[in-house]
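Q: only geometry, no sequence info:
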């Protein structure tokens with residue numbers, strides 16, 4: 001993949017994220033499951049100019065990374081989200097899609113809000129009903145971007 005193709009792909013991904021945020025729709029599963037390391041491995045594995053050994057190594061590393069993060073096959077196959085249990089034992093399938101009920105970001109989905117603000121909410125508003133959902137989202141966020 002040339003640097004020009006990579007630049008175009010990044011621009012498309014950025015445009016897709018902003019469009020989806022504007023219309024209030026979650027990102028497609030392919031845009032939200034993979035961390036940046038995994039995206040690079042996918043690009044290498046599917047690159048027409050890659051050598052057979054590079055393709056095999058990238059494929060193995062991708063599967064190892066997905067397994068290490070606990071990504072379920074259903075997420076990739078059907079596009080379903082992982083279920084997350086909150087402190088109140090409620091099951092929230094996608095905490096990032098829950099809308100903030102109050103504050104300066106009222107009405108926005110958690111995945112559209114600055115992570116620093118969400119951490120502040122957990123610290124300052126620990127008795128609010130949404131805090132377990134915010135914590136579940138922050139845990140998913142941390143797992144997704146820790147690599």
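A: Thanks, I have the structure now. On a predicted model such as this, the values are computed, not experimentally measured, just so you know.
Q: can you point out the buried residues in stretch 101-112?
A: Of the residues in stretch 101-112, 105, 109-112 count as buried by neighbour count, 16 or more other CB atoms under 10 Å. Any C-beta I mention is one placed from the backbone N, CA and C, and that applies to glycine too.
Q: near residue 73, how many other residues are there?
A: If you count neighbours by other CB atoms under 10 Å, residue 73 ends up with 8.
Q: show the contacting residues for it.
A: Applying CB atoms under 8 Å, 6 or more residues apart in numbering to residue 73 gives no contacts.
Q: and the chain, what are its domains?
A: The chain breaks down by automatic domain parsing into domains covering 3-77, 84-145.
Q: worst mean pLDDT among those?
A: Lowest mean pLDDT within the domains of the chain: domain 3-77, at a mean of 75.
Q: quick one, strands of this protein?
A: Here the chain has its strands, by DSSP state E, at 84-85, 91-92.
Q: now, which of the buried residues of stretch 101-112 sits nearest residue 41?
A: When the buried residues of stretch 101-112 are ranked by distance to residue 41 (CB to CB), residue 111 comes first, at 23.5 Å.
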